[in-house]
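Asks: Have a look at this prediction, sequence included:
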Amino acid sequence: MNKSLFDNTEVAFKMKKNFHLYNAIFLFNIITKKILVGILTNLTIMMLKFRLPIKWILKGTIYKHFCGGIDIAECKKIISDMYKMNVCSILDYSVEGLSNENSFNNSCEKKIKIIDIVSENDAVPFAVFKPTSIGRYELFKAVSDGKKLLKDEEVEWSNVVTRFHKICNHALINKTKILIDAEEYEVQKAIDELALEMMKSYNEEYVIVYNTIQLYRWDRIDYLKKLFKDYSKSKFSFGFKLVRGAYMEKERLLAKNGNYKSPICSSKNETDLNFNKAIDLMFKHIKKADFFIATHNEFSNYKVIDLMKKNEIKNNSDKIWFGQLYGMSDNITFNLASEGYNVAKILPFGPVENLVPYLIRRAQENSSFEGQSSRELSLLKKELLRRSS
């Protein structure tokens, strides 16, 4: 395998004009500074709380870089432009902090409408949903803890299960793959159990439902091994989206405040080893599982490419998809697409104020992994230099 594939900046940034590159350089120069990110995060939250006019600043900077727009109509041009370069999109209606049954029902209907829209567009092969956008966070936590629910809570939980089935069944009818997002450790057990129920129900003929596995959790390899062992002879197949994880800072704080062992690996190196073990597991059980490798780590992407070749799996096999977040790692996304691999950008959309938690995670993630952000900066500068020479 050509290990310089991801160095091709001409392919990576073909969609971007020079002023887009300058804007990206400006942004990454800011979010690589951890202390500055902390200050700006707290300032943003405070200003939004007091309804100060900051949304236009966010929309023109970090929101524009990492998000597709406030609605699907605003995302259409991005989706079309990327698909011309063989890069698909995954529309992620990122709404957090919902708290009542009406809002959960409305959110569920929004997912159904998105499935209807994307089922008619080859450029958008997946839909995605966040479990706590269709059910109360504290309820997921209670179920994960194994607490006995009160009668009204049992009704509430039954509604959550019904919404899960409604979304996944609609995805099956429309032959659209569905990604179930992972969330915090304290609610993930309930999500895992529901995701497994959905796979049993909808993954018999082909893989529709994918559960997200966060490999910065040290217990996830054992979890995957147990699933493969317990269901080796079952009729359904697994779908997994492999990620490193998105809640590192929050998880460690929750563990400290809750006085339990942190679920997060002790180092980035341990997380990387965990992630690559998960890749090996996927190929070991490739007849039983389809997977979506969602990572900005170049080594992990190369590892999948090498294993595909060794296992004689075609570049465009529907069993394996690659994915990165919109606004990050274009050098991986567009160069993979140029070689005929299945690849997609996860494209969040929604009102600016609703996407603030997502944007904060992106800023924190980039400030925590300086090497990756530095790589982004060096590639952006390299492309500007190439264009000027």
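Replies: Done, it's in.

Asks: Who are the packing partners of the helix or strand hosting V160?
Replies: Per DSSP states H and E: V160 is located in helix 151-173. Helix 151-173 sits against helix 101-118, helix 137-144, strand 177-180, helix 185-202, with contacts defined as 3 or more Cβ pairs under 8 Å, 6 or more residues apart in numbering; DSSP states H and E. All C-beta spots, glycine's among them, are computed from the backbone N, C-alpha and C.

Asks: Make TSV from those and add mean pLDDT to it.
Replies: TSV is the format used below for the helices and strands packed on helix 151-173 (pLDDT from 0 to 100):
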stretch	mean pLDDT
helix 101-118	92
helix 137-144	97
strand 177-180	97
helix 185-202	97
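
Asks: one step back: how much distance is there from the helix holding V160 to the middle of the chain?
Replies: On the basis of Cα atoms, centre = their mean, to the nearest Å, helix 151-173 is displaced by 22 Å from the centre of the chain it belongs to.

Asks: what is the orientation angle of it with helix 137-144?
Replies: Interaxial angle, helix 151-173 versus helix 137-144 (axes from the mean of the first three to the mean of the last three Cα atoms, to 10 degrees): 90 degrees.

Asks: What average pLDDT does helix 151-173 get?
Replies: Average pLDDT, helix 151-173: 98.

Asks: Ok, stretch 235-250 next?
Replies: Stretch 235-250 shows a mean pLDDT of 90.

Asks: Can you name the element that comes right after the helix or strand harbouring K277?
Replies: According to DSSP H and E, K277 maps onto helix 268-284. Once the chain leaves helix 268-284, the next helix or strand it forms, by DSSP H and E, is strand 289-294.

Asks: Just checking: what are the partner strands of that following strand?
Replies: strand 238-243 (parallel), strand 320-325 (parallel) (DSSP bridges).

Asks: So, low pLDDT: which residues of the stretch 1-150 of the chain?
Replies: Applying pLDDT under 70 to the stretch 1-150 of the chain picks out residues 1-2, 31-60, 94-97.

Asks: where along it do the strands fall?
Replies: With DSSP state E, counting those that start in this stretch as the criterion, the stretch 1-150 of the chain has strands at 88-93, 126-129.

Asks: can you put the ones you listed in CSV and add distance to K226 and mean neighbour count?
Replies: Compiled in CSV, the strands of the stretch 1-150 of the chain are given as follows (distance: least, Cβ to Cβ, whole Å; neighbours: other Cβ atoms under 10 Å):
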stretch, distance to K226, mean neighbour count
strand 88-93, 28, 24
strand 126-129, 25, 24
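
Asks: who wins for proximity to K314 among the ones you listed?
Replies: strand 88-93 (16.9 Å; Cβ to Cβ).

Asks: That closest one: partners in the sheet, and parallel or antiparallel?
Replies: strand 126-129 (parallel), strand 343-349 (parallel).

Asks: Rebuild the ones you listed as CSV, extending it with distance to F334.
Replies: Formatted as CSV, those follow (distance: least, Cβ to Cβ, whole Å):
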stretch, distance to F334
strand 126-129, 18
strand 343-349, 8
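
Asks: list the contacts for I115?
Replies: A127, I167, H170, A171, N174, T176, I178 (Cβ atoms under 8 Å, 6 or more residues apart in numbering).

Asks: Looking at those, which one is closest to L98?
Replies: Distances from L98 to the contacts of I115, taken by Cβ to Cβ, are shortest for I167, at 15.0 Å.

Asks: That closest one and A12, how far apart?
Replies: 34 Å (Cβ to Cβ, to the nearest Å).

Asks: related to what we said a few turns ago, can you tell me what sits against the helix holding V160?
Replies: The contact list for helix 151-173, computed with Cβ under 8 Å, 6+ apart, reads 101, 104-105, 108, 111-112, 115-116, 127, 129, 131, 134-136, 139-140, 142-143, 149, 177-178, 194, 197-198, 201-202, 208-209.

Asks: Can I have the buried ones of those as a PyMOL selection?
Replies: Buried members of the contacts of helix 151-173, defined by 16 or more other Cβ atoms under 10 Å, are picked up in PyMOL with:
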select buried, resi 104+108+111+112+115+127+129+131+134+135+136+139+140+142+143+177+178+194+198+201+202+208+209
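
Asks: still on that earlier bit, what helices or strands is the helix holding K277 leaning on?
Replies: In terms of contact count using 3+ Cβ pairs under 8 Å, 6+ apart, helix 268-284 is assigned the packing partners helix 220-230, strand 238-243, strand 289-294, helix 298-310.
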